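Peer 1: pasting the structure only:
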């Protein structure tokens, strides 16, 4: 039986990342080469698709794990009848090749341990050639190589490395795994024991610059550490999640690749970073955004690779059965080619916030923005695939139109506040036109609510963004009615679904069924805060906090029926939403109240 998604912990070096299971197995490890995928893919198939497991030979009575305080160094403690052993895992932040360091420590008594290292490149499809000179091992296939330095002798068996060893109280047994291009010599390697301390110090030093005050300081701190781990340091890009194809519904087909940077998340992320005191990360994220979206305004994409890559073709990997038989497993994301109107608003909103936060982008940024806005002057009238990247027909999605309004609203404020040049009167008129059309065509007077798209009778949790971006006040009667309709139609067991999926797939082109979307439930708490329903907002927020696993991590979604986390893990937007909602609840003017000003 595979581990639950929440049974995994994250380690990373701000360039790549791995998932470590409660049972001591690394079942997923991304590689830095964009075309190399993963060398451990047991998470999406079976152990023979690659994993690295270190665990007691005998039955484990109890397992405890934790991150070291203010750190991404993970400790897993196994208790057996014979004693207690601790497994310490980390990936030291780096400038070149990625390293995975694992240390087995004897805590009490004597514990027999098993080591199994199965490397399969290209998502579990390629068995490497294993060379084992001088007590080290080199595993090579095509452009990729792994250099393995164990702290004890290992044997090669059927394309895997294995060993059984005993650890006594006070002993430490180190293991080091390093990726490098196969055409260059293996690196000299690092001292595994010393690197644990150095990694711990690095994370503590990074955390020291943050502002974690308030009643949920520890949850905020862990979310910021997770967000930093999902950052691609060379460019400042922040990926949505380090995994692909973890299902939104167990056994279902809603399995997507999230190892990319979504433009849509930009404003949420920037608010979190600025409010947390991480101005250099905020500036790097803004710079990544400017580089990624530069070019033809009509070609603006919803997502890019961590270095700004534009071609992210989607394909299926039939040799992988998927997490809990959730197939297909996908690499790449076809949504990259969709037209999604709201991203124009997100870009302009993010750059406006950056200026307000005194992150100066220079004159070139405004030239780029004007190009986007000039294209949007006519494009806002087009149908699109919307915030949820539906694979059904294009629609006039209400949220998309609201974000087109936000683009011109922020452009007008940019001109007024920062004295930049632009067609102020024309954009004021266009802002009013878009606002009037939305209020006319997207509002259902019978139910007193905004609808998912023009002519629809359904609501959408994305409509909770209407007051958050300043389109209407939260206490406007139309918005109160929309919140009430969302509560009635989409709130299940205390958590929000994005929208009602249908068996015929009419709206999104997919079979019905998915979990509750955690970011949307955070947005509901934000709306309650703006409405003065503070006790309800706190109750929703505390309910969301209770979903975190024992390491403080959240996936994209939650299945209230099976009471399990689902979707890609850990999810940046879930943690960003946690940070921003905590600020909304604990600050006089949080992001929800500030964003539309």
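Peer 2: Nice, I can see it. Here the structure is a predicted model, which is why all the values come from computation and not from measurement.
Peer 1: contacts, neighbours, all on C-alpha from now
Peer 2: Will do.
Peer 1: what about the residue nearest to residue 71 when sequence neighbours are not counted, which helix or strand?
Peer 2: Take residue 71 and drop its neighbours on the chain: the residue closest to it by C-alpha to C-alpha, 6 or more residues apart in numbering is residue 203, 4.9 Å away. Using DSSP states H and E, residue 203 sits within helix 192-207.
Peer 1: mean confidence score for that helix?
Peer 2: Across helix 192-207, pLDDT averages out at 97.
Peer 1: work out the gap between the helix or strand following it and the centre of the chain.
Peer 2: Beyond helix 192-207 on the C-terminal side, the first helix or strand identified by DSSP H and E is helix 217-229. Chain-centre distance of helix 217-229: 12 Å, with C-alpha atoms, centre = their mean, to the nearest Å.
Peer 1: just want the angle from helix 217-229 to helix 192-207.
Peer 2: Helix 217-229 runs at 110 degrees relative to helix 192-207, counting by axes from the mean of the first three to the mean of the last three C-alpha atoms, to 10 degrees.
Peer 1: pull out the buried positions in helix 217-229.
Peer 2: 219, 220, 221, 222, 223, 224, 225, 226, 227, 228, 229 (16 or more other C-alpha atoms under 10 Å).
Peer 1: the second one against residue 212, yeah?
Peer 2: So that's residue 220. Yes - judged on C-alpha atoms under 8 Å, residue 220 makes contact with residue 212 at a distance of 6.3 Å.
Peer 1: and the longest strand along the chain, which strands flank it?
Peer 2: Taking DSSP state E as the criterion, the chain has its longest strand at strand 99-118. According to DSSP bridges, strand 99-118 has the following sheet partners: strand 51-56 (antiparallel), strand 83-90 (antiparallel), strand 160-168 (antiparallel), strand 172-181 (antiparallel).
Peer 1: what sits up against the second one?
Peer 2: So the one you mean is strand 83-90. Here strand 83-90 makes contact (C-alpha atoms under 8 Å, 6 or more residues apart in numbering) with 11-12, 24, 54, 56, 72-79, 100-111, 167, 196, 199.
Peer 1: find the nearest non-adjacent residue to residue 536, please.
Peer 2: Nearest one to residue 536, counting by C-alpha to C-alpha, 6+ apart, is residue 528 at 6.7 Å.
Peer 1: tell me the confidence at residue 101?
Peer 2: Looking at residue 101, the pLDDT reads 97.
Peer 1: ah, wrong one, I meant residue 32
Peer 2: Model confidence at residue 32 (pLDDT) stands at 69.
Peer 1: same deal with residue 35?
Peer 2: So residue 35 comes in at 58 (pLDDT).
Peer 1: one more: residue 596?
Peer 2: So residue 596 comes in at 68 (pLDDT).
Peer 1: let's have the chain start at 2 instead
Peer 2: Sure, I'll start numbering at 2, so the last one becomes residue 597.
Peer 1: thought residue 535 was touching the residue nearest to residue 537, still the case?
Peer 2: Yes - counting by C-alpha under 8 Å, residue 529 touches residue 535, with 6.3 Å between them.
Peer 1: which one of the two has more residues nearby?
Peer 2: When neighbours are counted by other C-alpha atoms under 10 Å, residue 529 and residue 535 differ, and residue 529 comes out ahead with 21 against 16.
Peer 1: the one helix or strand that one maps to - contacts with which helices or strands?
Peer 2: In the assignment (DSSP H and E), residue 529 maps to helix 519-531. If you count contacts as 3 or more C-alpha pairs under 8 Å, 6 or more residues apart in numbering; DSSP states H and E, helix 519-531 packs onto helix 466-469, strand 496-497, helix 535-546, helix 573-587, helix 592-595.
Peer 1: distance from that helix to the middle of the chain?
Peer 2: For helix 519-531, the distance to the chain centre is 18 Å (C-alpha atoms, centre = their mean).
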